[in-house]
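>>> Got a predicted structure plus its sequence, pasted below:
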Amino acid sequence: MPTDAEKIALQVMRALFNATGGRPQQWRALAEISDTAEAHEAVQLAVDRGWLLVEGGHSICLTDTGRRLIA
């Protein structure tokens, strides 16, 4: 059973996938997707698992692994 952080990470990833049309290497500001403390924690979990990339502490991008997980 996924933890709360995993559930939020998947929600953020799905929102990012939808916002980018599922295209690879598309960056969006985290604030456009979700700007809660829980989302920031979940993004770190996703980065640690290789699902997301973060640039500048505020822009996120799905990795190929993250895109496959969501698609």
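The structure has been received and is ready for your questions.
>>> Now do Leu52: how many residues are near it, please.
Per other CB atoms under 10 Å, the neighbour tally for Leu52 reads 23. The C-beta positions use only the backbone N, C-alpha and C, and glycine is treated the same way.
>>> Report all helices and strands that the helix or strand containing Leu45 contacts.
Here Leu45 sits within helix 37-48, counting by DSSP states H and E. Contact partners of helix 37-48 among helices and strands, from 3 or more CB pairs under 8 Å, 6 or more residues apart in numbering; DSSP states H and E: helix 4-19, helix 30-33, strand 52-55.
>>> Pick the most deeply packed of the ones you listed.
Across the helices and strands packed on helix 37-48, averaging neighbours per residue (mean count of other CB atoms under 10 Å) puts helix 4-19 on top, at a mean of 17.
>>> State the phi and psi torsions of Trp27.
For Trp27, the backbone dihedrals (degrees, to the nearest 10) come out as phi -100, psi 140.
>>> Please give the number of neighbouring residues around it.
15.
>>> want to throw the helices and strands packed on helix 37-48 into CSV with mean pLDDT?
Shown next, in CSV, are the helices and strands packed on helix 37-48 (pLDDT from 0 to 100):
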stretch, mean pLDDT
helix 4-19, 95
helix 30-33, 93
strand 52-55, 97
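>>> Dump these into a markdown table; add distance to Ala42 as well.
As requested, these are arranged in a markdown table below (distance: least, CB to CB, whole Å):
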| stretch | distance to Ala42 |
| --- | --- |
| helix 4-19 | 4 |
| helix 30-33 | 10 |
| strand 52-55 | 9 |
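>>> so which of the ones you listed comes closest to Leu45?
Relative to Leu45, the nearest member of the helices and strands packed on helix 37-48 by CB to CB is helix 4-19, separated by 5.0 Å.
>>> So for this structure, the centremost residue is which one?
Met13 (3.6 Å; CA atoms, centre = their mean).
>>> Let me know whether that residue touches Arg49 as I believe.
No: taking contacts as CB atoms under 8 Å, Met13 lies outside contact range of Arg49: 10.4 Å.
>>> Touching both of those two, which residues are there?
Common neighbours of Met13 and Arg49 are not found (criterion: CB atoms under 8 Å, 6 or more residues apart in numbering).
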